[in-house]
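Enquirer: 3D model of this:
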Amino acid sequence: MLAQQRQTAILERVRAAGGVRVTELAAEFGVSDMTIRRDLESLHERGLLAKVHGGATVAGPGSTDEPGFRAKSVRQLAEKAAIADRAAQLVRPGGAIALSAGTTTAELAHRLVDVPGLTVVTNSLPVAEILHTGGRPDQTVVLTGGVRTPSDALVGPLAVGAIRSLHLDLLFLGVHGITERAGFTTPNLMEAETDRALVAAADRLVVLADHTKWGTVGISSIVELAAAQVLVTDDRLPADARGVLGDRVGELVMVSATGAGRATATPTSGGAAE
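Expert: From the prediction side, this is the model:
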């Protein structure tokens, strides 16, 4: 297959699935990872897709653009792993927690499968699948009903009604974007309503968001920055964001994504980072 033919096929796969991984494409086309990376770079330079760590996604996100779970799952892999490592330290055996939809919360779910006596409420199909398949028999997984979104979240009146009857120790919230004015946002109006119900049901709110979420705005605000007791992010967060978030959230925790996903907390100007 000629390079142009391969790149056309790659672009079709990105548009159909929302995102692709380098390793999957290399196996499919029988070429090296380096060849696929050159293809992705060529398509990226022409504005046809967006290169991300380990793959590519569709280009041109806006305030209502909602990438699918697969598309988001190839972005910032090391950062998400480090954030999930740190967030898992906040979970205690026997607790009742919630995980919202998102690829970072799904990464966290992998780290919770061995926590004894845990009850997890979620509106995320991937999170529920991870815990149902790999979790302990003494864990309880509560999956809300609702309408499925492109990000594999269950939202709408059924989800909100189920959540409003619950009382939770802790919510881990994934978000689409963060700005000083809009707070924590999502591109899906119904998902924002469902997320607000989760926030209201929990005693503490922990937001999980890598540095790329800063400056991105979804059409609907979930909550203001001050609503978060903890924000776990990575140390590539811009300096201006550190100042704003350090002042607004209860505790700003930044982790290093270097070294096989191991999280190392970095002190901030805001709340103490352990």
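Enquirer: which intervals of the protein have sub-threshold pLDDT?
Expert: Applying pLDDT under 70 to the chain flags the ranges 18, 47, 58-75, 259-274.
Enquirer: how about the helices of it, start to end?
Expert: Using DSSP state H, the helices of the chain run over residues 3-17, 22-29, 33-45, 69-72, 77-88, 103-110, 125-134, 157-164, 189-201, 239-248.
Enquirer: The third one: which residues count as buried?
Expert: Same thing as helix 33-45. Of the residues in helix 33-45, 35, 36, 37, 39, 40, 43 count as buried by neighbour count, 16 or more other C-beta atoms under 10 Å. C-beta: built from backbone N, CA, C; applies to glycine.
Enquirer: hmm, back to that, give me whichever of the helices of the chain is most buried.
Expert: Of the helices of the chain, the one with the most neighbours on average (mean count of other C-beta atoms under 10 Å) is helix 103-110, at a mean of 25.
Enquirer: Check which helices and strands that helix sits against.
Expert: Helix 103-110 is packed against helix 69-72, helix 77-88, strand 96-99, strand 119-122, helix 125-134, strand 168-174, strand 202-208, with contacts defined by 3 or more C-beta pairs under 8 Å, 6 or more residues apart in numbering; DSSP states H and E.
Enquirer: any idea how this structure splits into domains?
Expert: Domain assignment for the chain by automatic domain parsing gives 3-60, 77-266.
Enquirer: picking up where we left off before, CSV for the helices of the chain, including distance to residue 257?
Expert: Formatted as CSV, the helices of the chain follow (distance: least, C-beta to C-beta, whole Å):
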stretch, distance to residue 257
helix 3-17, 24
helix 22-29, 18
helix 33-45, 20
helix 69-72, 16
helix 77-88, 4
helix 103-110, 12
helix 125-134, 21
helix 157-164, 32
helix 189-201, 25
helix 239-248, 16
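Enquirer: Select, out of those helices, the one closest to residue 95.
Expert: helix 77-88 (12.0 Å; C-beta to C-beta).
Enquirer: Run through who's touching that closest one.
Expert: Helix 77-88 has contacts (C-beta atoms under 8 Å, 6 or more residues apart in numbering) with 53-54, 103-104, 107-108, 110-112, 172, 206, 208-211, 232-234, 236, 253, 255-258, 261-265.
Enquirer: which of those residues count as buried?
Expert: 54, 103-104, 107-108, 111-112, 172, 206, 208-211, 232-234, 253, 255-257, 261, 263, 265.
Enquirer: ok, residue 124 to residue 171 distance?
Expert: As for residue 124, its distance to residue 171 is 12 Å (criterion: C-beta to C-beta, to the nearest Å).
Enquirer: shared neighbours of the two, anything?
Expert: In contact with both residue 124 and residue 171: 99, 100, using C-beta under 8 Å, 6+ apart.
Enquirer: Of those two, which one has the most company?
Expert: residue 124 (27 against 24; other C-beta atoms under 10 Å).
Enquirer: Verify the contact between that one and residue 99 for me.
Expert: Yes - at 6.3 Å, residue 124 counts as touching residue 99 under the criterion of C-beta atoms under 8 Å.
Enquirer: list the residues that contact both of these two?
Expert: Common neighbours of residue 124 and residue 99 (C-beta under 8 Å, 6+ apart) are residue 105.
Enquirer: show me the contacts for residue 156.
Expert: Contacts were defined as C-beta under 8 Å, 6+ apart; by that measure residue 156 touches 146, 147, 190, 193, 194.
Enquirer: check contacts around the last one.
Expert: So that's residue 194. 123, 144, 146, 153, 154, 155, 156, 159, 160, 163.
Enquirer: Please determine how far the first one is located from residue 184.
Expert: If you measure residue 123 against residue 184 using C-beta to C-beta, the figure is 16 Å.
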